[in-house]
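Novice: need coordinates for the below:
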Amino acid sequence: MLAIFNVVFPVFALIFLGYLCRKRNILSVNAASELNRFVIYLGLPALLFDSIARLTPADFSNLRFIAVFAIGIAVVFVLTAWIKYRQGAAAGDIIIDSLGTSYANVGFIGIPLCLLAFGRDGMPPAVIAMVMTACLLFAIAIVLLEICLHAEKHIGRSLLKTGNSLIRNPILIAPILGSLVAAGGYVLPTGVQQLFKLLGAAASPCALVSLGLFLAQPIDNKQTGSVSLLVGFKLLLHPAITALFAYWILPLPKMWADTALLLSAMPIGTGPFMLAELYRREAALMSRAILISTTTSLLTISLILAWIAH
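Specialist: You can find the predicted model right below:
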């Protein structure tokens, strides 16, 4: 647990710094939105482009792992959407909450833990999981949100507005450009690579500080039930479904199955919060769900690592 805490501590520290800066009025109310926009339009696209441009076809050779990890995400996403729909939630909130229960913090916590638990052998599945989460799942959520945002009676006008928004979205464009670079075997100039590294390295810290700024805002007590649903589904249901497929229904090699389980058990990442703030949904609620799931994951991840070792 101490080793896990050492991995998770920077997450807590950055969130707390954002919280402290807001409480002491070092950063204004608008700082959270501005930091979040930096991440959405500069930091995260650079990180996604740089990560994908370095991939090779061999990184995606284990199709069964991709299927197992995708099924775990899809089942939790759809089940959350169905529950929130039955509760009468707005379409945008349904999408954000469903993203929250299925979006694991693979990049900031999952990859260091895989290195800790499995060494370099754990990196290929971790990279695949990061791409599937930060690129594919994130892109699907954006597409669904844009469809809801531009929904009109005239289907042609809705599709045109949605398409225009999507082709201008850097989070969708960056992975595509990165894939073209990787597929073509191109090597970017050193200066360009360094630019993407610098921008990408700023994405996670800025997102976590922005999260802390939002935590300083009050939350409606009526939303505590939604936080419990998000945390419970992410830390318990998501890894349970992934384990069912990884070990029994679509059995994977031992190390790949263990990695799939560990990565699916990661707490909620910052992606759902960034979209909640950008699209003016329940950002304060999502920020609390992320903090609680990250704190609680110290125990749940420790139990899973103990079970894997056993």
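
Novice: how about stretch 93-112: buried residues?
Specialist: Buried residues in stretch 93-112, defined by neighbour count with 16 or more other Cβ atoms under 10 Å: 93-112. (C-beta placed from N, C-alpha, C; glycine too.)

Novice: okay, and which of those map to strands?
Specialist: Nothing among the buried residues of stretch 93-112 maps onto strands, per DSSP state E.

Novice: in helices, which of the residues you listed fall?
Specialist: Among the buried residues of stretch 93-112, the ones falling in helices (DSSP state H) are 93, 94, 95, 96, 97, 98, 99, 100, 101, 102, 111, 112.

Novice: I figured the fourth one hits residue 281, correct?
Specialist: What it means is residue 96. Yes: with contacts counted by Cβ atoms under 8 Å, residue 96 reaches residue 281, the gap being 4.9 Å.

Novice: find residues that contact each of these two.
Specialist: Listed as contacting both residue 96 and residue 281 by Cβ atoms under 8 Å, 6 or more residues apart in numbering are residue 275.

Novice: buried residues in stretch 115-124?
Specialist: For stretch 115-124, a neighbour-count test (16+ other Cβ under 10 Å) marks 117, 118, 122, 124 as buried.

Novice: got it, and stretch 231-239?
Specialist: Applying 16+ other Cβ under 10 Å to stretch 231-239 flags 231, 233, 234, 235, 237, 238, 239 as buried.

Novice: can you tell me how far the third one sits from residue 9?
Specialist: Going back to what we said before, that points to residue 234. 20 Å (Cβ to Cβ, to the nearest Å).

Novice: same thing with the second one?
Specialist: Residue 233 sits at a distance of 25 Å from residue 9 (criterion: Cβ to Cβ).

Novice: just the element for the nearest residue to residue 32 once chain neighbours are set aside, please.
Specialist: Distances taken as Cβ to Cβ, 6 or more residues apart in numbering put residue 213 closest to residue 32, at 3.7 Å, once the chain neighbours are dropped. Using DSSP states H and E, residue 213 maps to helix 190-215.

Novice: packing partners of that helix?
Specialist: helix 2-23, helix 31-38, helix 44-53, helix 271-278, helix 283-309 (3 or more Cβ pairs under 8 Å, 6 or more residues apart in numbering; DSSP states H and E).

Novice: buried stuff in the last one?
Specialist: Neighbour-count burial for helix 283-309, with 16+ other Cβ under 10 Å as criterion, is recorded at 283-294, 296-298, 300-301, 304-305, 308.

Novice: looking at the buried residues of stretch 115-124, spot the one nearest residue 66.
Specialist: Nearest to residue 66, judged by Cβ to Cβ, of these is residue 124 at 11.3 Å.

Novice: which pLDDT value goes with the closest one?
Specialist: Looking at residue 124, its pLDDT reads 84.

Novice: correct me, but it touches residue 59?
Specialist: Yes: at 5.8 Å, residue 124 counts as touching residue 59 under the criterion of Cβ under 8 Å.

Novice: which one of the helices and strands packed on helix 190-215 lies nearest to residue 74?
Specialist: helix 271-278 (16.1 Å).

Novice: for the closest residue in space to residue 54 that isn't next to it in sequence, pull up the helix or strand it's in.
Specialist: Among residues not flanking residue 54 along the chain, residue 182 sits closest, at 7.1 Å (Cβ to Cβ, 6+ apart). Element membership for residue 182 (DSSP H and E) is helix 170-184.

Novice: how far does that helix sit from the chain's center?
Specialist: 18 Å (Cα atoms, centre = their mean, to the nearest Å).

Novice: what angle do that helix and helix 190-215 make?
Specialist: 150 degrees (axes from the mean of the first three to the mean of the last three Cα atoms, to 10 degrees).
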